[in-house]
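# The following block contains a protein sequence and its predicted model.
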Amino acid sequence: MLSDPNTYVNPVNAVGGWAQFKFGRRPSWNSTAHSDKTVPSPPTFAISATRYRATLQPISPPTAVRFGNVIYRPRSDLLFSMEYRRLRTFTIYDDSYDAGQLNLSVGVLF
């Protein structure tokens, strides 16, 4: 728990980038690709004067995300969207795992 004074929170440093493509007005087609990789951070230390802790992060393999959606607006206050995401991640042993997600949504603007 974050309220426990013995809890340590270490940030994750990451380097990455993304590219986005959008085409059309009705319907609107959108596509994005993203990749990032964590990088080692310097040791972190506890703020408490009575306790000391240092942590080093190893370099991890990259994570890649691909995303695409279609947004259709039949009227100015109504929209329909279909979205697909594909996530690929790697373990420190170079095993890779893929996952896909499909979303359908309806929006009303007011």
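Here it is on my side, so go on.
# got the phi/psi numbers for the closest residue to residue 77 other than its chain neighbours?
Leaving aside its sequence neighbours, residue 77 sits nearest to residue 109 (C-beta to C-beta, 6 or more residues apart in numbering; 4.6 Å). Using the backbone N, CA and C atoms, a C-beta is placed for each residue, glycine as well. The phi/psi pair for residue 109 (degrees, to the nearest 10) reads phi -100, psi 130.
# Would you agree residue 109 is in contact with residue 78?
Yes - contact status for residue 109 versus residue 78: in contact at 7.4 Å, counting by C-beta atoms under 8 Å.
# who's more crowded, the two?
Neighbour totals were compared for residue 109 and residue 78, and residue 78 leads with 12 against 9 (other C-beta atoms under 10 Å).
# Report the secondary structure state of residue 37.
strand (DSSP: H, G, I helix; E, B strand; the rest coil).
# Residue 93 too?
For residue 93, the assignment made with three-state DSSP gives coil.
# just checking, what packs against whichever strand or helix holds residue 98?
Residue 98 is part of strand 96-108 when elements are defined by DSSP states H and E. The contact analysis (3 or more C-beta pairs under 8 Å, 6 or more residues apart in numbering; DSSP states H and E) places strand 96-108 against strand 78-90.
# For the strand it packs on, which strands pair with it and how are they oriented?
Strand 78-90 has the following strand partners under DSSP bridges: strand 63-75 (antiparallel), strand 96-108 (antiparallel).
# Turn the ones you listed into a markdown table, including mean pLDDT and mean neighbour count.
Formatted as a markdown table, those follow (pLDDT from 0 to 100; neighbours: other C-beta atoms under 10 Å):
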| stretch | mean pLDDT | mean neighbour count |
| --- | --- | --- |
| strand 63-75 | 88 | 15 |
| strand 96-108 | 91 | 9 |
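# Distance to residue 83 added to those strands, as TSV?
Below are these laid out as TSV (distance: least, C-beta to C-beta, whole Å):
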stretch	distance to residue 83
strand 63-75	4
strand 96-108	4
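# These: which one's closest to residue 89?
strand 63-75 (4.6 Å; C-beta to C-beta).
# what is the one residue sitting closest to the centre of the chain paired to in the beta sheet?
Nearest to the geometric centre of the chain sits residue 65, at 7.7 Å (C-alpha atoms, centre = their mean). Beta bridges link residue 65 to residue 34, residue 87 when assigned by DSSP bridges.
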